[in-house]
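J.: Predicted model follows, preceded by the sequence.
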Amino acid sequence: MQQGAILWMSERQKLAELLRKCSKNVLYDQGKEVHGAAVRKGYGLDLMINNDIIDLYGKCGRIDFARVMFDRMPERNVVSWTALMCGYLREGDARRSLLLFREMGFSNVRPNEFTFSTNFKACGILGALLNGMQIQSLCCKSGHEWYPVVGNSIIDMYSRSGRISDAECMFHAMPIRSLISWNVMIAGYALEGESGKSLLLLKKMQKQGEIPDEFTFTSTLKACTLSGAIHQGTQIHAVLTVRGFPFLNQKIISGALLDLYVKCGRVLEAHKVFNGVEQKSVISWTSLIIGYAQEGNLSEAMDLFRELRKSSIPVDGFVLSSMIGVFADFALVELGKQMHSYAEKKPTGSDISVANSILDMYLKCGLVEEAEQFFSDMQQKNVISWTVMITGYGKHGLGTEAIHLFKKMHTKNVEPDGVTYLAILSACSHAGLVEEGQEYFTKLCNDYQLKPRVEHYACMADILGRAGRLGEAKHLIENMPVKPNVGIWQTLLSACRVHRDVEMGRKVGEILLRLDGDNPVNYVMMSNIFADARCWKECERLRGLVKAKGLKKEAGRSWVEIGKQIHFFYNGDDAHPLFESIHDILKEMEKRMKEEMGYAYETSFSLHDVEEESRQESLRLHSEKLAIGLVLLCGGLNEGKPIRIFKNLRVCGDCHEFIKGLSKVLNKVFLVRDANRFHKFEKGICSCKDYW
């Protein structure tokens with residue numbers, strides 16, 4: 001009898017160990033065979049075996065099979081429930097994990113520390129802070145709050161939800177802290193962009209005897225990256241080097257260090273790190289390629305991409321999406337089309353993320369018809385696909401088309417998310433559709449699953465501001481349930497300028513300078529309002545403040561693609577080899593416009609304290625005009641296609657008037673993409689209706 005029990009136990013234990021080994025190594029086919037063997041041997045209803053099978057299917061990405069097993073179990077314990085919750089969380093379905101936790105509450109099974117930990121993570125992913133606080137209350141009552149695994153998950157939940165002070169309270173209250181606790185708190189500071197606090201905590205943990213690992217250093221590097229703290233980041237790099245930490249053969253740290261240098265504009269340093277990395281990941285390649293592209297060094301970016309294609313590292317959907325994204329941002333039509341053709345030849349080219357990137361690329365390049373055709377031909381569409389198309393319509397001022405697509409999305413049973421609502425509100429704003437914008441904003445506010453964010457309120461303020469309803473816009477901002485940020489006040493300030501409301505502009509400007517007094521954009525916006533009203537003393541005061549603070553505005557840069565080559569121009573740029581000829585052709589165009597339609601410079605967009613001739617000269621050297629001059633010089637008039645120009649900032653008022661006039665005189669379509677939207681200039685009229 002006893003010998004039989006020992007044999008039975010050993011067979012059962014052997015099956016359990018095999019299932020756990022398959023789970024650990026994600027061996028789905030072998031695990032399925034062990035599952036079949038367990039059923040044949042009579043363990044189909046065994047609680048421990050079934051728990052291991054649920055864990056196996058959850059880790060192998062077959063959560064549907066795990067759920068079937070769970071539902072068939074005659075008996076369940078806390079391990080059964082927790083294993084299925086972990087499976088849902090691993091699949092990215094945090095909501096189903098929380099629903100299962102709620103279902104478990106109606107059973108007679110009580111959660112353990114791993115159940116609580118899993119669902120705190122779910123709350124953090126969803127940003128469901130209220131649910132998390134309710135679970136924490138249950139956790140306190142059951143005495144599980146001070147388990148390290150639970151405490152760490154609570155810190156992570158509060159950090160992800162933007163409640164860093166609550167995360168700090170939990171961290172300091174924990175009686176026992178593991179290395180993971182320190183890492184989670186440092187990562188929380190990284191999410192908030194608080195590089196200083198991350199570094200202080202790094203020093204403190206070392207004083208208390210904890211030895212940092214790759215996750216510690218990765219989190220502190222991410223904190224430096226998010227806050228642009230390049231000096232602190234280089235210090236960490238130095239520490240890693242001096243200590244002999246093997247970071248160059250650890251993908252996670254070398255990737256974070258590479259990302260730091262790329263994001264902070266130190267591409268040469270990033271390339272040095274990249275060259276030293278022993279096992280280069282596809283993410284490292286992509287990060288460096290994008291770094292060079294964003295710096296404007298497209299030839300180096302393309303050379304690196306060719307090297308990647310020759311390497312043994314497969315070009316996956318992430319790389320394709322990232323590269324297409326670069327071409328979209330720079331509106332490189334020809335290179336974008338080449339990448340589209342290349343993607344179609346790759347198995348990963350059919351990934352929906354790649355398709356969405358191609359769609360975005362066509363829209364950002366101003367090729368609306370091509371984007372419409374591509375969208376129509378897409379085999380699969382998700383909410384991102386629809387949102388990208390709606391956003392594109394909005395940027396082109398095609399509000400009616402955006403609304404039609406938003407309605408069609410509903411008929412296809414695709415639920416809009418917060419970004420989709422942002423896209424449709426922005427489209428209404430760009431097209432001046434006030435009533436429609438109010439209708440969609442009301443729908444969003446009444447949606448129990450979504451909550452309007454400050455960006456949605458900014459769109460609504462822009463819609464009201466566009467219509468001249470400045471008082472309503474200001475009232476909306478002052479009474480909204482979320483805290484106003486700098487961007488929403490800048491939106492209202494722009495409306496004040498368009499409608500020449502100097503008094504409200506002054507009040508809004510004062511708010512902006514209190515909130516963000518080191519941002520040169522705010523001073524420029526206020527100065528423009530005062531310049532329009534000829535309030536030169538106030539202009540001088542603002543210029544004096546900018547000078548005293550040593551603030552510098554981002555340089556205006558325009559570019560144009562001619563014969564597969566990109567030409568960049570900055571304001572006042574005389575570096576182009578054809579500069580003299582460009583200057584001459586612009587003078588010729590101005591003369592013609594003056595003779596045929598009485599064109600005059602909008603010199604309020606230049607300095608008022610210099611001679612008129614110098615003011616006109618400075619306006620002629622604006623980057624978008626130089627780009628147009630080059631196109632005209634290179635035979636752009638002889639082509640039937642529109643002339644496409646791209647700029648990193650908002651197009652200025654004088655250039656806007658200049659291009660309007662040029663489109664009429666030359667009977668030519670100009671398509672200009674600036675930081676806000678597309679402007680289609682045709683027959684002396686712009687699609688933005690002079691509000692942008």
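T.: That came through, no problem. Bear in mind the structure is a predicted one, so any value in this text is a computation, not a measurement.
J.: Now do the contacts for the closest residue to Ser161 other than its chain neighbours.
T.: By the measure of C-beta to C-beta, 6 or more residues apart in numbering, the closest residue to Ser161 outside its immediate chain neighbours is Leu129, 4.4 Å from it. In short, each C-beta sits where N, CA and C put it, glycine included. Leu129 sits next to 123, 157-158, 161, 163 when contact means C-beta atoms under 8 Å, 6 or more residues apart in numbering.
J.: Apart from its chain neighbours, what residue comes closest to Gly44?
T.: Per C-beta to C-beta, 6+ apart, closest to Gly44 is Ala38, 6.8 Å.
J.: Verify the stated contact: the one you found with Lys14.
T.: No. Using C-beta atoms under 8 Å, Ala38 makes no contact with Lys14, being 10.2 Å away.
J.: Looking at the two, which one has more neighbours?
T.: A count of neighbours by other C-beta atoms under 10 Å puts Ala38 above the other of Ala38 and Lys14, at 22 against 12.
J.: on that earlier part again, can you say which of the contacts of Leu129 are buried?
T.: Taking 16 or more other C-beta atoms under 10 Å as the criterion, what is buried in the contacts of Leu129 is 123, 157-158, 161, 163.
J.: Dump those into CSV; add pLDDT and secondary structure as well.
T.: Output for the buried ones among the contacts of Leu129, formatted as CSV (pLDDT from 0 to 100; DSSP: H, G, I helix; E, B strand; the rest coil):
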residue, pLDDT, secondary structure
Cys123, 93, helix
Met157, 94, helix
Tyr158, 93, helix
Ser161, 86, coil
Arg163, 89, coil
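J.: Quickly name whichever of those residues is closest to Ser312.
T.: Relative to Ser312, the closest of these is Met157; by C-beta to C-beta it sits at 40.1 Å.
J.: could you give me the average pLDDT of whichever strand or helix holds Glu436?
T.: Using DSSP states H and E, Glu436 sits within helix 434-445. For helix 434-445, mean pLDDT is 94.
J.: Likewise for stretch 407-416?
T.: The pLDDT scores in stretch 407-416 average 93.
J.: measure that stretch end to end?
T.: 10 Å (C-alpha to C-alpha, to the nearest Å).
J.: can you pull the buried residues of that stretch?
T.: Along stretch 407-416, these residues count as buried under the neighbour rule (16+ other C-beta under 10 Å): 409, 414, 416.
J.: Considering helices and strands only, name the one in the chain with the lowest mean pLDDT.
T.: helix 612-620 (a mean of 52; mean pLDDT, DSSP states H and E).
J.: ok, then the element right after that one?
T.: Counting by DSSP H and E, the next helix or strand C-terminal to helix 612-620 is helix 623-633.
J.: what sits up against that following helix?
T.: 556-560, 562, 567, 569-571, 573, 576, 578-579, 581-583, 585-586, 589, 619, 643, 645, 647, 651, 655, 658-659, 662, 670, 672.
J.: Show me what the one helix or strand Gly544 maps to is packed up against.
T.: Secondary structure from DSSP H and E places Gly544 in helix 536-549. Judged by 3 or more C-beta pairs under 8 Å, 6 or more residues apart in numbering; DSSP states H and E, the packing partners of helix 536-549 are helix 520-532.
J.: Give me the distance from the helix it packs on to the chain's centre.
T.: Offset of helix 520-532 from its chain centre (C-alpha atoms, centre = their mean, to the nearest Å): 28 Å.
J.: list the helices and strands that helix packs on?
T.: The helices and strands touching helix 520-532, judged by 3+ C-beta pairs under 8 Å, 6+ apart, are helix 486-498, helix 502-515, helix 536-549.
J.: Just want the angle from the second one to helix 536-549.
T.: Think helix 502-515. If you take axes from the mean of the first three to the mean of the last three C-alpha atoms, to 10 degrees, helix 502-515 sits at 10 degrees to helix 536-549.
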